[in-house]
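Novice: Just need the structure, nothing else, for what follows:
(4 chains)
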Number of protein chains: 2
Amino acid sequence: MPLSVFEDKRPLYQTVAERLSTAIEEGTYPVGSMLPTEAELCERFGVSRQTIREATRLLLQLGLVSRHQGVGTRVERATVAETYVQRLGALPDIWQYVKETRRKVLRVADVAAGRARAPLPGDPSRRWRVLEGLRFVGDETKPIAWTQIYVLPGYAAVTDAKNRDAVPIYSLIERRFGIKTQSVRQEISAVAITGEMASLLHVTGGSPGLSVLRQYVSTQDEVFEVSLSIHPADRYHYTMQLDLSLGRHPVGVAEPG
Amino acid sequence: MPLSVFEDKRPLYQTVAERLSTAIEEGTYPVGSMLPTEAELCERFGVSRQTIREATRLLLQLGLVSRHQGVGTRVERATVAETYVQRLGALPDIWQYVKETRRKVLRVADVAAGRARAPLPGDPSRRWRVLEGLRFVGDETKPIAWTQIYVLPGYAAVTDAKNRDAVPIYSLIERRFGIKTQSVRQEISAVAITGEMASLLHVTGGSPGLSVLRQYVSTQDEVFEVSLSIHPADRYHYTMQLDLSLGRHPVGVAEPG
DNA sequence: GGCGGCTCATTGTTCGGACAACCTGACATC
DNA sequence: GATGTCAGGTTGTCCGAACAATGAGCCGCC
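Specialist: This next block holds a predicted model:
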């Protein structure tokens, strides 16, 4: 079982890592079971503990194993995780147009969650601050979107901020209240643009529109902002790219095992 | 400059890493410059090289520095990269319904890129194989989508496969020709459903629909499949979640510096 | 039975040392 | 000027060793 002296230009720990990952894939060490202890691996491969730790560190990065002090090294997966991810440098990239557009607020009001146009989480009788308006690009007179932004009452103060129309609301809330956006949920669908909204957007009634609903979730797991945008079909489309990504991709927050 | 004996329960290398990252953020070591050599850092902090390497390994994982054998350790960023990512366990998750739906192909033909309904890359005169049909969910008689799938002529053979209607086409191509999907570009927009498509989808002419256009790019950087789906507004919406992610996020392939 | 403390196995951290691999720049050579 | 060679410096790899931190299980006490 000790490593052969031949055949190897690569570092020792890489060879060890490959042997281990092969063994894992072949079921020698089933998912959920424990890898031999570091001391035992040292003996088996005839290398130092440093080398074993460097090898298992590679497996760790690939998400194949997890190490637990006082317990041991557990096999988590048989094969490398493969995931497609959409990367955004920052949240504003969601709207690729956010920098070149301006917002015009038409109405500010308080509304009960149950009576809002957008689905708001929590108690239906809870009141949210809502900012309603239009979004324009450049000097165009035709708006690119009709928008509603719902803000939790506790953060409603930001709707009075001077730079309210120049900076994204979620960003104002983050700065003013020291919270951080943990995730954004989006729901995109098609709708018919009718009634007052149609005339505001300069389209004929019943025209198709793209509806984008977003929920901003803070690190405290609180939905602190919900936004709804309706775009005329010919003035906006949503593009994204998903890239293949290998390695460690925790599927959830729960610990495996 | 050596570390104080007091105040520290954390591992040494973490303290060192924090001191270094602070120095980087404050501009003591500007982006693009070289960190002191490991030997020098050992002296300055009064720790062993192992500790220094463990510390810089942390900075490495955060994307703050890069190490180059024979050269040194270079500062790459002043602050931690922050990114929002959408994770998909596997490509089929794009359609969360893919497993519960079935495809019915109405037409198979060859068409020049320039005359296709979907924008196809490359020479407009190049001919693609196109699979046109409907997608149903369960036993419903109303289709959930009208779809077109364009396949490069070289891979057109898969459109004759027995399990053509049960497995995603891109997956067939991957398996049969041994290629791998590197990325998927998506464009989502709203459209009006008219003409023949409206009657096939059982909606009245002019109804709003959600259009999803996808380009599948292989690891050889070749667009090998393009798909177009039109969904009636009330029968489908696209949901996704973007999660905050810290650490190393190479924006491009190019090497920094 | 349940609780607390003890022991023991295992990984985490840190030291000191040695040589290999690699890059850069200076120098010699053609 | 272009090319090859060499020396020096820097990170990469590997060894041996020791102690700390942690978690699981055992055991006794209440």
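Novice: And the strands in chain A?
Specialist: A:65-68, A:72-75, A:82-88, A:101-112, A:127-137, A:145-151, A:181-193, A:207-218, A:223-232, A:238-246 (DSSP state E).
Novice: Of these, which is nearest A:Leu41?
Specialist: Smallest distance to A:Leu41 across these (Cβ to Cβ): 8.9 Å, for strand A:72-75. Where C-beta positions appear, they are placed from N, C-alpha and C, glycine not excepted.
Novice: can the closest one be found next to DNA strand D?
Specialist: No. Applying Cβ under 7 Å from any atom of the strand, one finds strand A:72-75 separated from DNA strand D by no less than 8.8 Å.
Novice: Tell me how many other residues surround A:Gln148.
Specialist: 19 (other Cβ atoms under 10 Å in any protein chain shown).
Novice: Report the contact partners of the closest residue to it other than its chain neighbours.
Specialist: Spatially, and ignoring its direct neighbours in sequence, A:Gln148 is nearest to A:Leu228 (4.5 Å; Cβ to Cβ, 6 or more residues apart in numbering or on different chains). A:Leu228 is in contact with A:117-118, A:147-150, A:211-214, counting by Cβ atoms under 8 Å, 6 or more residues apart in numbering or on different chains.
Novice: Quick one, which of the strands of chain A gets closest to B:Ala233.
Specialist: strand A:181-193 (3.9 Å).
Novice: List the neighbouring strands of that closest one plus their orientation.
Specialist: Paired with strand A:181-193 in the same sheet, following DSSP bridges, are strand A:207-218 (antiparallel), strand B:238-246 (antiparallel).
Novice: mind putting the ones you listed in JSON lines, distance to A:Arg129 and mean pLDDT included?
Specialist: Shown next, in JSON lines, are the strands paired with strand A:181-193 (distance: least, Cβ to Cβ, whole Å; pLDDT from 0 to 100):
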{"stretch": "strand A:207-218", "distance to A:Arg129": "14", "mean pLDDT": "93"}
{"stretch": "strand B:238-246", "distance to A:Arg129": "24", "mean pLDDT": "81"}
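Novice: Against DNA strand C, how distant is A:Ser183?
Specialist: Remark: distance between A:Ser183 and DNA strand C (Cβ to the nearest atom of the strand, to the nearest Å) = 28 Å.
Novice: quick revisit: so which of the strands paired with strand A:181-193 is the most packed in?
Specialist: Stretch with highest mean neighbour count among the strands paired with strand A:181-193: strand A:207-218 (a mean of 22; mean count of other Cβ atoms under 10 Å in any protein chain shown).
Novice: Check what contacts stretch A:125-141 and list those residues.
Specialist: Defining contact as Cβ under 8 Å, 6+ apart, one finds that stretch A:125-141 is touched by A:97, A:100-114, A:116, A:120, A:142-153, A:156, A:159, A:164, A:169, A:200-201, A:226, A:229.
Novice: Centre of the chain to it, how far?
Specialist: Stretch A:125-141 has its C-alpha centroid displaced from the chain centroid by 24 Å (Cα atoms, centre = their mean, to the nearest Å).
Novice: Stretch A:28-41 too?
Specialist: That offset, for stretch A:28-41, works out to 33 Å (Cα atoms, centre = their mean).
Novice: Could I get the buried residue list for that stretch?
Specialist: By neighbour count on 16 or more other Cβ atoms under 10 Å in any protein chain shown, the buried set for stretch A:28-41 is A:29, A:35, A:38, A:41.
Novice: Of the residues you listed, which is the nearest to B:Gln182?
Specialist: Among the buried residues of stretch A:28-41, and counting by Cβ to Cβ, the member closest to B:Gln182 is A:Tyr29, at 30.8 Å.
Novice: For the nearest residue to that closest one once chain neighbours are set aside, give me its contacts.
Specialist: Take A:Tyr29 and drop its neighbours on the chain: the residue closest to it by Cβ to Cβ, 6+ apart is A:Val75, 5.0 Å away. Counting by Cβ under 8 Å, 6+ apart, A:Val75 makes contact with A:24, A:29-35, A:64-65.
Novice: give me the low-pLDDT residue ranges for the stretch 1-150 of chain A?
Specialist: A:1-8, A:89-100, A:139 (pLDDT under 70).
Novice: What residue in it comes nearest to chain B?
Specialist: A:Gln86 (3.9 Å; Cβ to the nearest Cβ).
Novice: ok, the nearest residue to that residue once chain neighbours are set aside - contacts?
Specialist: Spatial nearest neighbour of A:Gln86, excluding adjacent residues (Cβ to Cβ, 6+ apart): B:Gln86 at 3.9 Å. For B:Gln86, the contacting residues are A:85-86, A:240, A:242, B:240-243, by Cβ under 8 Å, 6+ apart.
Novice: same thing with A:Ile193?
Specialist: If you count contacts by Cβ under 8 Å, 6+ apart, A:Ile193 has them with A:201, A:203, A:205-209, A:230, A:232.
Novice: Which of those residues sits closest to DNA strand C?
Specialist: Of all the contacts of A:Ile193, A:Ile230 has the smallest distance to DNA strand C: 50.8 Å, by Cβ to the nearest atom of the strand.
Novice: From chain B, how far off is that closest one?
Specialist: 9 Å (Cβ to the nearest Cβ, to the nearest Å).
Novice: list the contacts for that residue?
Specialist: Counting by Cβ under 8 Å, 6+ apart, A:Ile230 has contacts A:145-147, A:191, A:193, A:197, A:201, A:209-211.
Novice: Just list whatever residues bridge to it.
Specialist: A:Trp146, A:Ser211.
Novice: What of the one 10 residues further on?
Specialist: With DSSP bridges applied, the residues forming beta bridges to A:Met240 are B:Gln186.
Novice: what does the one 4 residues further on give?
Specialist: Beta-bridge pairing of A:Leu244, defined through DSSP bridges, involves A:Tyr84.
Novice: Verify the stated contact: it with B:Ile179.
Specialist: No. Using Cβ atoms under 8 Å, A:Leu244 is not in contact with B:Ile179; the gap is 12.0 Å.
Novice: What is the burial count for A:Gly114?
Specialist: Neighbours around A:Gly114, by other Cβ under 10 Å: 11.
Novice: which residue packs closest to it, ignoring adjacent ones?
Specialist: A:Pro124 (3.2 Å).
Novice: OK, contacts around that neighbour?
Specialist: Contacts of A:Pro124 by Cβ under 8 Å, 6+ apart are A:112-114.
Novice: Let me know the closest of the residues you listed to DNA strand C.
Specialist: Of the contacts of A:Pro124, the one sitting nearest to DNA strand C (Cβ to the nearest atom of the strand) turns out to be A:Ala113, at 42.4 Å.
Novice: Quick check: closest non-adjacent residue to that closest one.
Specialist: That would be A:Leu120: by Cβ to Cβ, 6+ apart, it lies 3.9 Å from A:Ala113.
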